[in-house]
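Colleague: Sequence first, predicted coordinates after that:
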Amino acid sequence: MKEALANLRLLDDEEKAIQEDEGAVNGVYQFCRVGRCLTDSVVHFPSLRNTMADLWHPIGGICIMELGEKRYLFQFFNEVDLKR
């Protein structure tokens, strides 16, 4: 049985099916950053989102999503906003 498992190989079609397209993944998240609130108190997400958007005034806009455990995904739509 060990010999049979040692000779086990994926077919070319199967290898292609499980490969990631790195360009697509990087393209989706190229203007994204993850942030975290460093506080022990409860964070009211809608207030945080509105305050950060008002403070940054991004040119291309911003999308802020809650990831859980006081972590947030900040998606910018312009490279200038991301660098600033």
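Modeller: Arrived safely.
Colleague: neighbouring contacts of the top helix by length along the chain?
Modeller: When the chain is parsed with DSSP state H, its longest helix is helix 45-56. Contact partners of helix 45-56, identified using C-beta atoms under 8 Å, 6 or more residues apart in numbering, comprise 37, 62, 64, 66, 72, 74, 81, 84. For the C-beta atoms, the positions are set from N, CA and C on the backbone; glycine is no exception.
Colleague: roughly how far apart are the nearest residue to residue 84 once chain neighbours are set aside and residue 35?
Modeller: Leaving aside its chain neighbours, residue 84 sits nearest to residue 56 (7.5 Å; criterion: C-beta to C-beta, 6 or more residues apart in numbering). Going from residue 56 to residue 35 by C-beta to C-beta, to the nearest Å gives 12 Å.
Colleague: cool, and residue 43?
Modeller: Going from residue 43 to residue 35 by C-beta to C-beta gives 11 Å.
Colleague: for this structure, where's the lowest mean pLDDT among helices and strands?
Modeller: Least confident element among the helices and strands of the chain, by mean pLDDT, DSSP states H and E: helix 12-18 (a mean of 50).
Colleague: which regions of this structure lie under the pLDDT threshold?
Modeller: 1-2, 4-6, 8-27 (pLDDT under 70).
Colleague: what's around residue 50, how many residues?
Modeller: 12 (other C-beta atoms under 10 Å).
Colleague: how close does the most centrally placed residue in the chain sit to residue 73?
Modeller: Nearest residue to the geometric centre of the chain (C-alpha atoms, centre = their mean): residue 29, 5.6 Å. As for residue 29, its distance to residue 73 is 9 Å (criterion: C-beta to C-beta).
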